[in-house]
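1. Sequence first, predicted model second:
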Amino acid sequence: MDAPADPLQPSGAPPPPAAAPPGPRAPARRGPLWKRRRRRSLAHRARRALRKALGRALLRLAVWAIPPIYLAYMWFVWKTSRVVDCGISLGHYVKFEEDGVVCVLWHEEVFSVAWAYREHTPHTLASLGDAGEVIARMLQLCGYVVLRGGSGAKSRRRGQVLSEMIEHMRKTPRVLYGITVDGSNGPPYKLKRGAIVIARECKKPLLVVRTWARRNIRLPTWDRMAVPLPFNVIHQYARGPFFVPEGADDPEVFEAFRRKIEDELNALRDRSLRDLGQPVPPPSAPASGRDPGPPGPAALPASGRSE
């Protein structure tokens with residue numbers, strides 16, 4: 001059956017030509033919205049560059065201003081306090097007797113470290129980054145030899161820095177390393193392996209050391225860092241020397257020695273708290289805040305060679 005004819009088209013007329021396909025669409029013109037986005041992008045880059053420039057300027061200001069303020073404050077604390085040697089002079093003896101020593105301590109006393117141990121001319125590690133710049137400057141003003149690196153698990157330079165510290169101790173006579181062995185991110189009172197590896201590879205002894213004050217302000221940091229107050233009583237302790245046992249390449253021997261040094265550090269922490277009338281925390285718990293009390297025994301005898 002034929003299709004019906006178009007009533008609007010005359011009979012016998014040719015069919016109309018097919019419509020041409022649509023051509024490519026002309027590009028849209030960039031209007032006000034694009035301009036606003038561009039202005040916002042430029043403003044964002046400008047703010048970011050300004051923050052970066054201000055950050056560098058503030059860092060330079062901090063490196064210049066904070067270390068002298070720290071030194072002035074710690075000088076005042078020591079000048080107005082009774083500082084008791086509870087064995088800390090052992091560090092000088094062991095350093096010369098063994099041509100080097102690795103001193104280990106907990107990170108909670110890191111505020112006092114630069115000033116408290118300055119007479120030993122220690123060598124130590126300061127982290128990379130902005131805070132590390134300020135800390136390194138404070139340590140250098142107190143006579144420290146400072147190596148730069150990081151001890152956290154994510155630090156890509158950790159292995160390299162450990163090798164550099166070992167090589168430095170092997171080549172330099174009478175190095176006294178001071179290392180906060182639960183830093184720089186904790187957990188508190190858990191000893192990391194690095195200091196023992198250095199002592200093992202360099203065949204040097206370890207000392208556990210501590211400087212603690214009767215009155216402190218505890219900061220809200222992971223380690224509850226202690227800031228000693230003026231007009232205080234301050235005890236400085238040392239125990240050791242402890243020599244890494246033969247066969248410490250064996251993981252079980254190494255771990256047993258690591259636990260022993262960790263226990264010695266915690267025992268020395270507890271001793272300092274009892275001596276200064278502060279409560280002793282339960283095992284593996286952070287120490288409590290400011291808790292003034294009467295002083296206790298002051299002397300800690302220097303021990304001989306310990307295995």
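-> Ah, there it is.
2. can we go C-alpha only for contacts and neighbour counts from here?
-> Fine.
3. A strand includes R210, no?
-> Yes - with DSSP: H, G, I helix; E, B strand; the rest coil as the criterion, R210 is part of a strand.
4. any idea how far it lies from C202?
-> Using Cα to Cα, to the nearest Å, R210 is found at 23 Å from C202.
5. And G183, by the same measure?
-> 22 Å.
6. more crowded one of R210 and C202?
-> Neighbour totals were compared for R210 and C202, and R210 leads with 25 against 19 (other Cα atoms under 10 Å).
7. which phi and psi does the closest residue in space to P228 that isn't next to it in sequence have?
-> Once flanking residues are discounted, P228 sits nearest to N216: 4.4 Å by Cα to Cα, 6 or more residues apart in numbering. Phi and psi for N216, reported as degrees, to the nearest 10, are phi -130, psi 160.
8. P230 is in contact with N216, correct?
-> No - if you go by Cα atoms under 8 Å, N216 and P230 don't touch, sitting 9.3 Å apart.
9. Could you pull out the helices in the protein for me?
-> Taking DSSP state H as the criterion, the chain carries its helices at 32-79, 90-97, 110-116, 130-141, 158-171, 194-202, 251-275.
10. Export these as a markdown table, with columns for distance to W222 and mean pLDDT.
-> What follows is the helices of the chain, written out as a markdown table (distance: least, Cα to Cα, whole Å; pLDDT from 0 to 100):
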| stretch | distance to W222 | mean pLDDT |
| --- | --- | --- |
| helix 32-79 | 21 | 75 |
| helix 90-97 | 28 | 90 |
| helix 110-116 | 12 | 92 |
| helix 130-141 | 16 | 83 |
| helix 158-171 | 21 | 87 |
| helix 194-202 | 20 | 95 |
| helix 251-275 | 17 | 96 |
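11. Show me the one of those helices that comes nearest A238.
-> helix 90-97 (6.6 Å; Cα to Cα).
12. Pull out the buried residues from that closest one.
-> Neighbour-count burial for helix 90-97, counted by 16 or more other Cα atoms under 10 Å, picks out 90-92, 94-95.
13. Between those residues, which sits nearest G247?
-> Set against G247, the nearest of the buried residues of helix 90-97 by Cα to Cα is V94 (23.1 Å).
14. Provide a list of residues in contact with the closest one.
-> 100-101, 241 (Cα atoms under 8 Å, 6 or more residues apart in numbering).
15. rerun that using 7 Å as the cut-off
-> Counting by Cα atoms under 7 Å, 6 or more residues apart in numbering, V94 touches V101.
16. And for R214?
-> By Cα under 7 Å, 6+ apart, the contact set of R214 is 232-234, 276, 292.
17. Which pair of those residues spans the longest distance?
-> Pairwise distances across the contacts of R214 peak at 12.2 Å for I234 and P292 (criterion: Cα to Cα).
18. more neighbours, these two?
-> Ranked by neighbour count (other Cα under 10 Å), I234 and P292 place I234 first, with 25 against 15.
19. Leaving out chain neighbours, which residue sits closest to that one?
-> Distances taken as Cα to Cα, 6+ apart put A213 closest to I234, at 4.2 Å, once the chain neighbours are dropped.
20. pLDDT wise, what is the one you found at?
-> pLDDT for A213: 97.
21. Pull the contacting residues for it.
-> Taking Cα under 7 Å, 6+ apart as the test, what A213 contacts is 228, 232-235.
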